[in-house]
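*Asks:* just a sequence and a predicted model for now, questions to come.
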Amino acid sequence: MIGWLKKRWGLALSLVFYVFIVMFAAMSLAGLLMVVLHQTGVITLGLDFVERDIHAFRILFNMIVFSIFIGTALAAFFSKKALQSIRKLIEATKKVAAGDFNVSVESKGIYELEELARSFNQMTRELASIETLRSDFINNYSHEFKTPIVSIRGFAKLLLEGNLTEAEQQEYLKIIMAESERLVKLSSNTLNLSRYEAIEIITEKKPFHLDEQVRLAILLTEPKWAEKEINIDVKLDSAVYNGNEDLTQQIWLNLLDNAVKFTGQNGNICISLLDQQDSIHFIIKDDGIGMDAETIKHIFDKFYQGDKSHTREGNGLGLAITKRIIELCGGKITAGGDPGQGSAFTVVLPK
Ligand code: ADP
């Protein structure tokens, strides 16, 4: 009840109180002025008692002066409290405008000002986290961008200096090609991710066979898994899904690509697709290097790479893109695994 009253009437009651004080003061002043004017004969009032009893007039006068004094002091006291919070907010706003988002204000007493302080604090918290994300992104992106360029420059310099065997020249040219590919992948992945982050709904949907799409993804990645002689076990229910084919294809390609990348020679990958009543489940398991709890916690973060020995083969954006696409489909992705025991990823897409 008190909370509700505070919520509804906090500022209103304060205002009523201030207005009352001001009106009281104004009326007292007016009354005083009238008596003075009457006394000086400028106007004639029926205030006989004033003429009859000058003592009563003095009491009245003193009371008016006293009321004005007390009223003003009270108004000053209460408004000081309200103004203090507003002043703190103004100072904090100036700091935020100057780029310092690590500020928070406290306000107690008047409900509306408490609310304002709470919203302000929430806003600065959001701004601070966006700023951290932004600077992290720039740092990571610059790092990912710089590494291949430094490598390309180094090998191009060696080629220019000459004195290399044919085999060395071929080797260095291959590295330059691979690093250029990495740069192309980095820019297209970054562009794709920012595109998918900017949209809220998927357009150009149509029904298609998800099992066929998964089969195609397995075929497209064949050069990679065949080279490692990985055995792929496939169990696919026939499932029709209404979605955007280009987007969902990226999910299977990214997950399959990772499974192959993190599985050793002669390893095993098991892929299954289950057509359930309201959803389609895609599960991919491998017996590769696996993941520890820390890696599982961060794998969907942008630029996160758990296994440092494969950093040259990716840029840590694949799973962030995959997760965003699945979110756009209204689905969910979960990851599991243990170091040395392999990993498993489960995607659930609602129908
Ligand atoms: P990258 O392009 O570096 O692979 P991803 O976003 O696709 O980036 O993956 C992020 C990290 O997640 C990888 O660096 C790796 O540590 C971990 N990861 C992903 N898939 C697997 C997997 N199948 N087995 C083990 N670790 C994996």
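*Replies:* The structure has been received and is ready for your questions.
*Asks:* correct me, but residue 273 touches residue 239?
*Replies:* Yes - here residue 273 reaches residue 239: they are 6.0 Å apart, a contact under Cβ atoms under 8 Å. Just so you know, the C-beta spots here come from the backbone N, C-alpha and C atoms, and that holds for glycine as well.
*Asks:* tell me which element the residue nearest the centre of the chain is part of?
*Replies:* With distances taken as Cα atoms, centre = their mean, residue 130 lies nearest the centre of the chain, 5.9 Å away. Using DSSP states H and E, residue 130 sits in helix 111-161.
*Asks:* quick check: angle from the helix or strand following that helix to helix 111-161?
*Replies:* Using DSSP H and E, the helix or strand that follows helix 111-161 in sequence is helix 166-198. When axes from the mean of the first three to the mean of the last three Cα atoms, to 10 degrees is applied, the directions of helix 166-198 and helix 111-161 differ by 160 degrees.
*Asks:* for this structure, which segments count as helices?
*Replies:* For the chain, the helices defined by DSSP state H cover 2-39, 48-52, 54-97, 111-161, 166-198, 210-220, 222-227, 245-261, 293-298, 318-328.
*Asks:* I'd like to know how many residues surround residue 174.
*Replies:* For residue 174, the neighbour count with other Cβ atoms under 10 Å is 11.
*Asks:* sorry, slip of the keys, the one I care about is residue 153.
*Replies:* For residue 153, the neighbour count with other Cβ under 10 Å is 12.
*Asks:* next: residue 321.
*Replies:* By the criterion of other Cβ under 10 Å, residue 321 has 22 neighbours.
*Asks:* for the one 4 residues further on, same thing?
*Replies:* Close neighbours of residue 325, defined as other Cβ under 10 Å, add up to 25.
*Asks:* wait, it sits on residue 197?
*Replies:* No - when contacts are counted by Cβ under 8 Å, residue 325 is not listed as touching residue 197 (10.8 Å).
*Asks:* once you drop chain neighbours, what's closest to the residue in the stretch 201-350 of the chain positioned nearest to the ligand?
*Replies:* Proximity of the stretch 201-350 of the chain to the ligand (Cβ to the nearest ligand atom) peaks at residue 314, 2.1 Å away. Leaving aside its chain neighbours, residue 314 sits nearest to residue 305 (6.6 Å; criterion: Cβ to Cβ, 6 or more residues apart in numbering).
*Asks:* thank you kindly, that will do.
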